[in-house]
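Asks: Pasting the sequence and the predicted coordinates here, then a few questions.
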Amino acid sequence: MKKKIAIAMGGYSSEYRISINSGNMVYKHLDRELYEPYRVHILKGEWFVVADDDTPYPINKSNFTVRIQGEVISFDCVFNTIHGTPGENGLLQAYLELVGIPQTSCDYYQAALTFNKRDLISVLKPYGIKAATNFFLNKEDVINPHEIVEKVGLPCFVKANRAGSSFGITKVKLKEELIPAAKTAFKEDNEAIIESFLDGTEVSVGVVTYKGEVIALPVTEIISENEFFDYEAKYLGKSQEITPARISKEQTKNVQEIAILIYKKLKMRGLTRSEFIFHNGEPHFIEMNTTPGLSKASILPQQAEKAGINLKDLYGSAIEAALQQDKF
């Protein structure tokens, strides 16, 4: 019997349109001989299944079921493609654990940790993972630009601490730009992280559990036409993404091993993508995405293709891994 798969997409953040693109890509490529997929839009106002004729059917939040034409449908697994809250910060994972439905991404604790840039860097530091020098701000803090520049230098990056897809991020070149940049970050989150500028080659490393084995996908080099890899660069074609990256075999092996180490130490599951910058010849960790983009413009599908893994198998493997997890 085919497994009923809810593809969760949308979310409550600025990234919801990107998430819907990712979810539709998974919907398109799932093996119809094995799975019966449903597109589930999880939005602030409502949760609903979108039928092929675009009719919305509301989700019963008490047990995550849906009634379609008189039939109550229970899902065997949720394929999580939500970027940002609630799918990438642990809220959806915790809810699904409570109602007893497996899902394809990491557990709720790992999601909350990796979504918080400051906390993640702090957890990884004892493992020798290099990162930029950073300064942390809360929205209510009095901002002292001199103190910040003394620690991180200029230029630097001001980021929303808990946001993705380069929302709420500014490259700051002058001390006078710090307060406006912080205000931009605070539009996305009430916490901000300010990081020193790392000059070097930026790369992205996909690490996934594929057919029961943790593997690193081919490394992608990112060359942005803008000041940095911002929203336009990621989604509007303002960047070059070169896979495999134009780095040495030794550098490739090194950054892949570090990405796998992070994945395993954090007890990750599912599909992930980690970003690094080779600064002074060594990879410095930037962030990890636990529900990475899966649309046509996204990096992970490109990496899977270079590895000889088609999307049907990649997505199916994520579902099978989730189904094999211990029952709650």
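Replies: Now that the structure is in, tell me what you want to look at.
Asks: What residues sit buried inside the top helix by length along the chain?
Replies: The single longest helix within the chain, with elements called by DSSP state H, is helix 249-265. Within helix 249-265, the residues that count as buried by 16 or more other CB atoms under 10 Å are 251, 252, 254, 255, 256, 258, 259, 260, 262, 263. Yep, even glycine has a C-beta here, placed from its N, CA and C like the rest.
Asks: Columns pLDDT and distance to residue 161 on top of these, output as TSV?
Replies: Output for the buried residues of helix 249-265, formatted as TSV (pLDDT from 0 to 100; distance: CB to CB, whole Å):
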residue	pLDDT	distance to residue 161
251	98	29
252	98	30
254	98	28
255	98	24
256	98	27
258	98	22
259	98	22
260	98	26
262	98	19
263	98	22
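Asks: Kindly indicate which of the residues you listed lies nearest residue 62.
Replies: Checking these against residue 62 with CB to CB, the nearest one is residue 263 at 33.9 Å.
Asks: if we can go back for a sec, need the residues that contact the longest helix of the chain.
Replies: The list of residues contacting helix 249-265 from outside it, by CB atoms under 8 Å, 6 or more residues apart in numbering, reads 124, 127, 129, 203, 205, 207, 214-216, 219, 244-245, 247, 268, 272, 274, 276, 278, 281, 283, 285, 288.
Asks: ok, now stretch 56-69?
Replies: Taking contacts as CB under 8 Å, 6+ apart, the residues outside stretch 56-69 that touch it are 6, 38, 40-42, 46-51, 72-75, 78, 95-96, 99, 101.
Asks: Now do residue 144 against residue 192, distance only.
Replies: 14 Å (CB to CB, to the nearest Å).
Asks: which one of these two has more residues nearby?
Replies: Between residue 144 and residue 192, counted using other CB atoms under 10 Å, residue 192 has the larger neighbour count: 30 against 12.
Asks: beta partners for the more buried one?
Replies: Per DSSP bridges, residues listed as beta-bridge partners of residue 192: residue 137, residue 160.
Asks: one step back: out of the contacts of stretch 56-69, which are inside helices?
Replies: 95, 96, 99.
Asks: So which of those is the closest to residue 303?
Replies: The shortest distance between residue 303 and any of the ones in helices among the contacts of stretch 56-69, using CB to CB, involves residue 96 and amounts to 26.8 Å.
Asks: Could you give the backbone dihedrals for residue 56?
Replies: Backbone geometry at residue 56, expressed as degrees, to the nearest 10, gives phi -90, psi 140.
Asks: Residue 101 too?
Replies: Dihedral pair for residue 101: phi -120, psi 120, per degrees, to the nearest 10.
Asks: any idea how far residue 117 is from the residue nearest the centre of the chain?
Replies: By CA atoms, centre = their mean, the chain has its centre lying nearest to residue 289, at 2.7 Å. In this view, residue 289 and residue 117 are 11 Å apart by CB to CB.
Asks: What of residue 211?
Replies: With distances taken as CB to CB, residue 211 is found 31 Å from residue 117.
Asks: Please say which of the two ends up with more neighbours.
Replies: Set side by side, residue 211 and residue 117 give different neighbour counts by other CB under 10 Å, the larger being at residue 117 (25 against 12).
Asks: Do I have it right that that one meets residue 159?
Replies: Yes - counting by CB atoms under 8 Å, residue 117 sits close enough to residue 159 to count as a contact (6.8 Å).
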